[in-house]
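J.: Coordinates for the following, if possible.
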Amino acid sequence: MQDGMAFVSSGVPGLDEVLGGGLRRGFVYFIEGDSGTGKTTLGLQFLREGVRQGERTLVVSLSETTGELATAAESHGWTLDGIDVRDLTGKGDADGAPVLFHFSETALEERVGQLLKALEEARPQRMVLDTLSALRILSDRPGALRRHMERIQHRAHQLDCNLLMVDTAFGEELLHPRSLAWGILRLERSVGDYGPQRRRLYVPKLRGQAYLDGYHDMRIRRGGIKVFPSLRAIPDPAAPEARTVSTGIESLDTLLGGGLLQGTSAALLGPPGTGKSTLVSQLALALAGSGEPGAVFLFEESVETFFRRAQGQGCDLGSRLENGALRLHQVSPAECSPGEFAHRLRRLVEEEGVRFVAIDSLNGYLHAMPDDRFMHTHIHDLLSYLGGRGVITLVTMTQTGPLAIGQPMPVDLSYLADTVILQRYFEAHGAIHTAISVMKKRYGDHEHTIREYRIGPQGLVLGEPLTRFRGVLTGVPEYVGEESPLM
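T.: The predicted structure follows:
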């Protein structure tokens with residue numbers, strides 16, 4: 001018998017990380033879920049990984065024929081080559097020839113005997129039993145199924161065989177012997193009022209190893225299952241000492257008390273049309289030029305629209321995009337789950353060295369959230385992770401109404417972000433003007449004034465502090481000076 005503490009790979013991208021390293025050699029795991037949640041697909045991926053590593057593999061199918069399993073594998077571009085398939089469905093062999101018995105005619109004892117015989121003949125290192133519910137319907141005595149499962153578990157452990165038992169039911173313990181499992185994976189799916197169904201998994205039980213608890217988004221497409229482990233805010237020990245980076249706008253640097261500090265987040269808040277995306281493009285250009293390679297994720301407009309607008313405002317992103325210092329990504333909230341988006345961010349940061357991330361806007365990103373109750377937690381984890389990796393993060397959020405005074409926001413960024421930049425409309429002298437101010441900065445002092453700004457061919461230009469006005473943030477200020485200071 002081999003070392004039971006050794007890990008073997010599940011073959012499912014992202015799942016080993018959730019499990020804290022993989023599966024323990026020689027133990028039994030339960031894969032639970034309703035029909036269509038991907039249990040058989042996960043089992044086939046597990047076996048294919050074994051074939052890739054030169055291991056003996058076995059699938060005992062009690063619910064799908066060999067032909068049906070082959071069709072399922074083919075839908076992902078796979079074959080069953082190298083996998084020993086034992087068809088105990090009672091539906092007929094691969095050619096459709098009749099067999100001598102059916103489930104209704106076969107006792108539980110006989111079927112378990114056939115399963116153990118297959119285990120002895122194949123002596124696999126990896127085995128999938130699909131599904132346990134097919135044995136449950138043969139059990140007419142409480143505890144009988146559990147005793148047979150103990151026999152199977154004991155022999156698999158003797159052979160150092162990793163056994164995955166697929167099941168669809170979540171019934172009472174005697175008919176679903178979960179206590180025999182070293183670990184349990186539960187697959188779930190949900191269908192909203194619009195868009196594709198969302199899939200996720202979690203680990204109700206896992207002995208002897210630390211794992212990532214909570215829900216993790218997953219996806220099933222051609223090629224199999226991919227799991228997106230939830231983010232954990234672990235500081236990067238190799239991250240350089242944080243430095244303050246210029247925004248490229250001298251007056252904005254003054255307003256911010258010097259610029260943006262690496263490893264911090266800034267929220268840009270304001271009504272529609274106040275120039276939040278313009279400010280993002282200018283900051284992205286400046287940061288990419290100062291050695292902070294970045295990525296901008298667009299949830300509400302196309303890459304072409306963002307690029308053309310920036311170009312028309314004197315912000316030419318072309319050279320930064322060509323040399324790879326800046327990347328623009330358009331994201332569809334209906335197609336990309338929060339976990340998948342977080343995985344994309346993590347890959348860019350850890351594998352490609354991105355040091356600046358902008359999300360434009362958070363309103364669009366929140367449409368991908370499966371449950372409003374967890375918005376704050378998810379955004380907090382996302383910003384904490386990026387901060388721990390030394391990344392500068394910009395997040396825009398649109399507030400409803402032209403003045404946005406007293407309007408609630410879906411997420412209170414004022415406490416989630418390190419810096420809050422407020423952009424506002426105000427009326428003066430029969431015209432609409434825009435003002436900018438820094439409401440909060442955690443890591444140092446900042447200018448407490450309110451400045452007017454304009455957006456034109458030269459981009460965003462800030463004026464002097466509006467010291468002769470009172471009540472600018474109300475949208476209808478009172479002028480208390482002797483001459484007009486407006487731009």
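J.: in the stretch 151-300 of the chain, what spans have low per-residue confidence?
T.: 169-176, 193-195, 233-240 (pLDDT under 70).
J.: Strands of that one, start to end?
T.: Using DSSP state E, counting those that start in this stretch, the strands of the stretch 151-300 of the chain run over 162-167, 183-190, 198-206, 216-221, 224-228, 244-245, 260-261, 265-270, 294-298.
J.: do the same with the stretch 351-487 of the chain
T.: 356-360, 392-398, 419-428, 431-441, 450-456, 459-465, 469-470, 478-479.
J.: Dump those strands to JSON lines, plus mean pLDDT, distance to T168 and mean neighbour count.
T.: All C-beta atoms are positioned from the backbone trio N, CA, C, and that covers glycine. Listed next are the strands of the stretch 351-487 of the chain as JSON lines, based on pLDDT from 0 to 100; distance: least, CB to CB, whole Å; neighbours: other CB atoms under 10 Å:
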{"stretch": "strand 356-360", "mean pLDDT": "95", "distance to T168": "39", "mean neighbour count": "25"}
{"stretch": "strand 392-398", "mean pLDDT": "93", "distance to T168": "41", "mean neighbour count": "24"}
{"stretch": "strand 419-428", "mean pLDDT": "91", "distance to T168": "49", "mean neighbour count": "20"}
{"stretch": "strand 431-441", "mean pLDDT": "92", "distance to T168": "51", "mean neighbour count": "18"}
{"stretch": "strand 450-456", "mean pLDDT": "92", "distance to T168": "58", "mean neighbour count": "18"}
{"stretch": "strand 459-465", "mean pLDDT": "90", "distance to T168": "57", "mean neighbour count": "18"}
{"stretch": "strand 469-470", "mean pLDDT": "84", "distance to T168": "67", "mean neighbour count": "16"}
{"stretch": "strand 478-479", "mean pLDDT": "78", "distance to T168": "69", "mean neighbour count": "14"}
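J.: Could I get those strands in a markdown table, plus columns for distance to L69?
T.: Output for the strands of the stretch 351-487 of the chain, formatted as a markdown table (distance: least, CB to CB, whole Å):
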| stretch | distance to L69 |
| --- | --- |
| strand 356-360 | 42 |
| strand 392-398 | 46 |
| strand 419-428 | 55 |
| strand 431-441 | 58 |
| strand 450-456 | 60 |
| strand 459-465 | 60 |
| strand 469-470 | 74 |
| strand 478-479 | 77 |
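J.: out of those strands, nearest to A72?
T.: Proximity to A72 (CB to CB) singles out strand 356-360 among the strands of the stretch 351-487 of the chain, at 37.6 Å.
J.: Grab the CA positions of that closest one and hand them over as PDB.
T.: Only the C-alpha atoms of strand 356-360 are listed here, as PDB (Å, rounded to 0.1, in the frame of the first residue of the first chain):
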ATOM      1  CA  PHE A 356      -2.900  48.100 -12.800                       C
ATOM      2  CA  VAL A 357      -6.500  47.000 -13.200                       C
ATOM      3  CA  ALA A 358      -9.600  49.100 -14.000                       C
ATOM      4  CA  ILE A 359     -13.200  47.900 -13.900                       C
ATOM      5  CA  ASP A 360     -15.500  50.100 -15.800                       C
END
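J.: angle of that strand against strand 265-270?
T.: 30 degrees (axes from the mean of the first three to the mean of the last three CA atoms, to 10 degrees).
J.: Give me the distance from strand 356-360 to the chain's centre.
T.: With CA atoms, centre = their mean, to the nearest Å as the basis, strand 356-360 stands 16 Å off its chain's centre.
J.: Can you say which of the strands of the stretch 151-300 of the chain is nearest to T396?
T.: strand 265-270 (4.5 Å).
J.: Can you check what angle separates that closest one from strand 392-398?
T.: Going by the same axes, to 10 degrees, strand 265-270 makes 20 degrees with strand 392-398.
J.: Sheet-wise, list the partners of strand 265-270 with their directions.
T.: Applying DSSP bridges, strand 265-270 is found paired with strand 392-398 (parallel), strand 419-428 (parallel).
J.: Relative to the whole chain's centre, how far out is that strand?
T.: 22 Å.
J.: what's that strand in contact with?
T.: For strand 265-270, contacts defined as CB atoms under 8 Å, 6 or more residues apart in numbering pick out 260, 276, 279-280, 383, 386-387, 392-399, 404, 409, 413-414, 416-424.
J.: Could you check the angle that strand makes with strand 431-441?
T.: Using the same axes, to 10 degrees, the direction of strand 265-270 lies 150 degrees away from that of strand 431-441.
J.: mind exporting strand 265-270 as CSV, just the C-alpha atoms?
T.: Coordinates of each C-alpha in strand 265-270 appear next as CSV, following Å, rounded to 0.1, in the frame of the first residue of the first chain:
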residue,chain,number,x,y,z
SER,A,265,-7.8,50.9,-4.8
ALA,A,266,-9.6,54.0,-6.0
ALA,A,267,-13.4,54.4,-6.6
LEU,A,268,-14.6,56.9,-9.2
LEU,A,269,-18.2,57.9,-8.3
GLY,A,270,-20.5,60.1,-10.2
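J.: any idea how the chain splits into domains?
T.: For the chain, the structural domains run 7-228, 244-479, going by automatic domain parsing.
J.: May I have the distance across the first one, first residue to last?
T.: Chord length of domain 7-228, first to last residue, is 20 Å (CA to CA, to the nearest Å).
J.: Of the strands of the stretch 151-300 of the chain, give the one that comes closest to E55.
T.: strand 162-167 (9.2 Å).
J.: partner strands of the closest one, parallel or antiparallel?
T.: Strand 162-167 has the following sheet partners, assigned by DSSP bridges: strand 28-33 (parallel), strand 126-130 (parallel).
J.: Just name the most buried of the ones you listed.
T.: Of all the strands paired with strand 162-167, strand 126-130 has the most neighbours on average by mean count of other CB atoms under 10 Å, namely a mean of 27.
J.: what does that one rub up against?
T.: 8, 39-40, 43-44, 46-47, 49-50, 55-64, 115, 119, 152, 156, 161-166.
J.: what's the spacing between it and its chain's center?
T.: How far strand 126-130 lies from its chain's middle: 29 Å, per CA atoms, centre = their mean.
J.: C-terminal to it, what's the next element?
T.: helix 133-136 (DSSP states H and E).
J.: Which elements pack onto that following helix?
T.: Contact here means 3 or more CB pairs under 8 Å, 6 or more residues apart in numbering; DSSP states H and E; on that basis helix 133-136 packs against helix 108-122, helix 144-158.
J.: quick revisit: mean pLDDT and distance to G459 for the strands paired with strand 162-167 - can I get that in a markdown table?
T.: Below are the strands paired with strand 162-167 laid out as a markdown table (pLDDT from 0 to 100; distance: least, CB to CB, whole Å):
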| stretch | mean pLDDT | distance to G459 |
| --- | --- | --- |
| strand 28-33 | 95 | 52 |
| strand 126-130 | 96 | 59 |
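J.: G214 is nearest to which of the ones you listed?
T.: Nearest to G214 among the strands paired with strand 162-167 is strand 28-33 (16.8 Å), distances taken as CB to CB.
J.: can I get the CA coordinates of the closest one in PDB?
T.: C-alpha atoms of strand 28-33 as PDB (Å, rounded to 0.1, in the frame of the first residue of the first chain):
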ATOM      1  CA  VAL A  28     -13.300   7.100  -1.500                       C
ATOM      2  CA  TYR A  29     -14.900  10.400  -2.600                       C
ATOM      3  CA  PHE A  30     -18.600  11.100  -3.200                       C
ATOM      4  CA  ILE A  31     -19.600  13.300  -6.200                       C
ATOM      5  CA  GLU A  32     -23.200  14.600  -5.500                       C
ATOM      6  CA  GLY A  33     -25.600  16.700  -7.500                       C
END
